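Asks: sequence first, then the predicted structure, then my questions.
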Amino acid sequence: MPIELKMPALSPTMEEGTLAKWLVKEGDTVSSGDILAEIETDKATMEFEAVDEGTISQILVPGGADGVKVGTVIALIAGDGEDAAKRPSPAARAEPVEAPTLSAKPVDVKNSPAASAGQMVAKGDRVIASPLARRIAEQKGIDLKGLAGSGPNGRIIKADVEGASPGVAAAAQTTAPVAAAAPVQLGDIQTPHEIVKLSNMRKTIARRLTEAKQTIPHIYLTVDIRLDALLKLRTELNASLEARGIKLSVNDMLIKALGLALVQVPKCNVSFAGDQLIEYKRADVSVAVSVPNGLITPIITDANSKAISTISTEMGDLAARAKDGKLAPHEYQGGTASLSNMGMFGIKQFEAVINPPQGMIMAIGAGEKRPFVVDDSLQIATVMSATGSFDHRAIDGADGAQLMKAFRELCEKPLGLVA
């Protein structure tokens with residue numbers, strides 16, 4: 001029997017993707033680990049690797065095909081001794097296969113180093129995984145028994161290991177499914193217009209934001225923060241880092257401040273998971289980055305422990321690759337909280353939508369000169385408004401207020417960011 005290659009789920013949110021191009025053709029011999037195709041997901045362009053050896057007997061979905069459902073058979077591989085030229089009946093071509101069902105069982109993040117949205121794949125004590133996936137898992141210290149596989153026959157492949165993120169899938173699955181929005185009937189449009197097809201990323205953004213606003217009770221808390229001391233420190237740090245070619249932004253310092261605040265107020269560094277609460281032991285800050293087709297949130301892992309210069313270097317690299325669609329799943333999936341900065345656009349204040357399954361997001365407005373009371377006298381100060389959006393199922397208002405207080409103090413007394 002030929003081996004079926006199916007459209008993989010390269011991220012927990014992926015329901016369909018674009019088969020951008022094939023890197024092999026019918027009749028080519030492939031080995032485990034060979035790159036077969038490039039697939040555009042809702043967030044990035046990723047490589048699809050072979051997990052079996054054989055000959056490409058038939059390509060069922062052509063390169064450039066859009067809206068290919070996860071689980072659809074896209075090609076066939078003939079094994080040793082099989083006739084590679086043999087073609088299946090037309091009825092067998094590209095029949096969509098039901099995607100793996102999501103498990104609603106909460107993940108014990110203390111005992112399971114990885115979680116995923118697919119089914120657990122193991123036969124007895126043997127885990128089905130490609131050699132490349134095993135090597136990556138060994139390097140990252142990931143237990144493959146706790147990981148799902150999106151490859152043929154449920155095999156764990158490279159993308160599954162790279163996208164492993166403890167606790168994320170379980171938290172996401174505890175939310176009741178959101179019904180798809182009914183198509184909007186616009187009637188007979190008289191104004192000159194054109195119809196633009198939604199990209200996979202925009203579809204995912206629409207679905208996830210609808211889910212967030214329908215299922216998460218948001219509570220919003222705003223503080224005004226004096227930035228003069230932080231701006232002065234940034235100038236001094238940049239002068240000392242100039243020889244190393246590093247230039248810190250205010251955003252880099254705010255990422256560090258949020259990371260430290262989350263560790264100082266651990267009750268806000270959580271995710272709601274139905275009848276459980278996931279309490280994170282470090283602060284992985286997702287940072288909103290605008291890209292041509294929408295928005296993506298690359299992650300600064302362990303932001304509370306990293307130097308600001310390291311955060312700056314990593315953020316520059318992540319943002320550049322995000323705009324090119326070259327981020328790996330583990331670089332944008334997960335995170336324990338988010339930061340969205342629209343100050344560069346002159347936005348004074350806004351309320352951001354929580355990125356599930358995270359429990360909070362910090363919205364940053366523009367720093368501007370304002371009349372401000374300092375030491376009982378009216379002065380001119382550079383002031384920024386920051387608004388925290390909190391999941392009220394998991395975070396009480398008083399705890400959210402403690403986080404906002406800690407964040408403000410770190411920004412107003414910024415030596416704590418470099419101590």
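Replies: Structure received. Numbers count the residues shown, from 1 in each chain.
Asks: go ahead and confirm residue 225 touches residue 382.
Replies: No: with contact defined as CB atoms under 8 Å, residue 225 does not count as touching residue 382 (9.4 Å). The C-beta positions use only the backbone N, C-alpha and C, and glycine is treated the same way.
Asks: looking at the two, which is more packed in?
Replies: Set side by side, residue 225 and residue 382 show unequal neighbour counts under other CB atoms under 10 Å, the larger going to residue 225 at 23 against 16.
Asks: which parts of whichever strand or helix holds residue 222 are buried?
Replies: Remark: residue 222 resides in strand 218-226, with elements defined by DSSP states H and E. Across strand 218-226, burial judged by 16 or more other CB atoms under 10 Å covers 218, 221, 223, 225-226.
Asks: again, but for stretch 393-403
Replies: For stretch 393-403, burial by neighbour count (16+ other CB under 10 Å) applies to 394-395, 399-403.
Asks: ok but residue 312 is inside a helix, no?
Replies: Yes: applying DSSP: H, G, I helix; E, B strand; the rest coil, one finds residue 312 inside a helix.
Asks: tell me how far it lies from residue 343.
Replies: According to CB to CB, to the nearest Å, residue 312 and residue 343 sit 17 Å apart.
Asks: which of these two has more residues huddled nearby?
Replies: Residue environment comparison for residue 312 versus residue 343 gives the larger neighbour count to residue 312, 24 against 21, counting by other CB under 10 Å.
Asks: surely the more buried one meets residue 244?
Replies: No: in this structure residue 312 lies outside contact range of residue 244 using CB under 8 Å: 10.5 Å.
Asks: still on that earlier bit, which elements pack onto the strand holding residue 222?
Replies: Packing contacts for strand 218-226, counted by 3 or more CB pairs under 8 Å, 6 or more residues apart in numbering; DSSP states H and E, involve strand 368-374, strand 377-391, helix 397-412.
Asks: nearest to residue 328, of the ones you listed?
Replies: Closest to residue 328 of these, according to CB to CB: strand 377-391, at 27.1 Å.
Asks: report the inter-axis angle for the closest one versus strand 218-226.
Replies: Taking axes from the mean of the first three to the mean of the last three CA atoms, to 10 degrees, one finds that strand 377-391 is oriented at 150 degrees with respect to strand 218-226.
Asks: can I get the CA coordinates of strand 377-391 in CSV?
Replies: What follows is the C-alpha trace of strand 377-391 in CSV, where atoms were taken according to Å, rounded to 0.1, in the frame of the first residue of the first chain:
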residue,chain,number,x,y,z
SER,A,377,3.9,70.9,42.4
LEU,A,378,2.7,71.1,38.9
GLN,A,379,5.4,70.3,36.4
ILE,A,380,5.8,69.2,32.8
ALA,A,381,6.6,65.5,32.5
THR,A,382,6.7,62.8,29.8
VAL,A,383,3.8,60.6,30.6
MET,A,384,2.6,57.4,29.1
SER,A,385,-0.7,55.6,29.6
ALA,A,386,-0.7,51.8,30.0
THR,A,387,-3.8,49.6,30.1
GLY,A,388,-3.8,46.1,31.2
SER,A,389,-6.6,43.7,29.9
PHE,A,390,-7.1,40.8,32.3
ASP,A,391,-9.1,37.6,32.1
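Asks: the stretch 251-400 of the chain: strands as residue ranges?
Replies: Shown for the stretch 251-400 of the chain, the strands assigned by DSSP state E, counting those that start in this stretch span residues 270-273, 276-279, 285-287, 289-291, 294-296, 299-300, 337-341, 360-364, 368-374, 377-391.
Asks: among those strands, which gets the worst mean confidence?
Replies: For the strands of the stretch 251-400 of the chain, mean pLDDT drops lowest on strand 294-296, to a mean of 88.
Asks: contacts for that one next, please.
Replies: Taking CB atoms under 8 Å, 6 or more residues apart in numbering as the criterion, the residues outside strand 294-296 that touch it are 43-44, 199, 201-202, 205, 288-289, 322, 327, 332.
Asks: residue 238 should be in a helix, yeah?
Replies: Yes: read with three-state DSSP, residue 238 is one of the residues of a helix.
Asks: now the phi/psi pair for residue 40, please.
Replies: As for residue 40, its main-chain torsions (degrees, to the nearest 10) stand at phi -90, psi 120.
Asks: I'd say it and residue 17 touch.
Replies: Yes: under the criterion of CB under 8 Å, residue 40 lies in contact with residue 17, with a separation of 5.8 Å.
Asks: between those two, which contacts overlap?
Replies: Once CB under 8 Å, 6+ apart is applied, the residues that residue 40 and residue 17 both contact turn out to be residue 200.
Asks: the more surrounded of these two?
Replies: For residue 40 versus residue 17, the count of surrounding residues by other CB under 10 Å is larger for residue 17: 26 against 21.
Asks: packing partners for the strand or helix carrying the more buried one?
Replies: Using DSSP H and E, the element containing residue 17 is strand 16-22. In terms of contact count using 3+ CB pairs under 8 Å, 6+ apart, strand 16-22 is assigned the packing partners strand 35-40, strand 65-69, helix 200-215.
Asks: using a markdown table, please lay out the ones you listed together with distance to residue 296.
Replies: Written out in a markdown table, the entries for those read as follows (distance: least, CB to CB, whole Å):
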| stretch | distance to residue 296 |
| --- | --- |
| strand 35-40 | 13 |
| strand 65-69 | 20 |
| helix 200-215 | 8 |
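Asks: wait, which of these is closest to residue 26?
Replies: Put simply, out of the helices and strands packed on strand 16-22 the one that sits nearest residue 26 is strand 35-40, at 12.0 Å, with distance taken as CB to CB.
Asks: list the neighbouring strands of the closest one plus their orientation.
Replies: In the sheet containing strand 35-40, the strands it pairs with under DSSP bridges are strand 16-22 (antiparallel), strand 45-49 (antiparallel).
Asks: and the helix or strand that the longest one is followed by, how far out from the chain's middle?
Replies: This points to strand 16-22. Secondary structure here is assigned by DSSP H and E; on that basis, the next helix or strand after strand 16-22 toward the C-terminus is strand 29-30. Strand 29-30 has its C-alpha centroid displaced from the chain centroid by 33 Å (CA atoms, centre = their mean, to the nearest Å).
Asks: state the mean pLDDT of stretch 222-230.
Replies: The predicted model gives stretch 222-230 an average pLDDT of 97.
Asks: how long is it end to end?
Replies: Taking CA to CA, to the nearest Å as the measure, stretch 222-230 stretches 19 Å from start to finish.
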